[in-house]
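Asks: coords please:
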Amino acid sequence: MITNGTLQRFKREPSLFSTFDDIFGKNLFFDDVNLNSSSYTYENNDSGGLLTVNAVGHDPENIDIEVTPKYLKINSSKPPGASNLVGDLNYTFTLNGKYSTDDIKAEFEHGLIKIKFGLQEEYKPKKLKLKY
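Replies: Numbering: from 1, shown residues only. Below is the predicted model:
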């Protein structure tokens with residue numbers, strides 16, 4: 001289902017940490033933070049899928065979610081006064097045709113956006129009875 005997802009890369013601002021880095025000539029504390037690799041997960045099951053997006057630090061009222069049969073977009077600007085670890089959310093996920101856009105539910109809980117996708121009827125598993 002997911003073929004592309006991006007979260008803007010954040011560069012830390014000069015701080016006491018970067019002063020130590022300058023003195024010792026290496027990064028002692030942490031590299032530039034790239035939240036992209038751990039910012040979303042996707043799980044499949046027989047009834048559909050679950051996309052979970054890390055949106056810690058964002059106000060759910062300011063998160064825009066747009067869905068079409070071809071894509072799902074999630075956008076939110078970094079809130080004023082938010083931590084330097086919070087960046088803009090800018091995701092575009094390409095949807096394949098097996099998910100029903102009529103059967104999508106989204107919720108925000110503990111800083112996570114959870115989007116549940118239902119399968120189109122023709123992709124739902126069917127039970128077969130064995131003859132014996």
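
Asks: middle-most residue in this protein, spatially?
Replies: Closest residue to the average C-alpha location of the chain: Val53 at 2.9 Å, with C-alpha atoms, centre = their mean.

Asks: Quickly list what it is bridged to.
Replies: Legend: beta-bridge partners of Val53 under DSSP bridges are Tyr40, Ile113.

Asks: And it, how far from Lys127?
Replies: Val53 sits 33 Å away from Lys127, taking C-beta to C-beta, to the nearest Å as the criterion. Every residue, glycine included, has its C-beta placed from N, CA and C.

Asks: do Thr52 as well
Replies: Distance from Thr52 to Lys127, counting by C-beta to C-beta: 29 Å.

Asks: do the same with Leu50
Replies: Applying C-beta to C-beta, the value for Leu50 to Lys127 is 22 Å.

Asks: Between the two, point out the one with more neighbours.
Replies: Between Leu50 and Lys127, counting by other C-beta atoms under 10 Å, Leu50 is the more crowded of the two (15 against 4).
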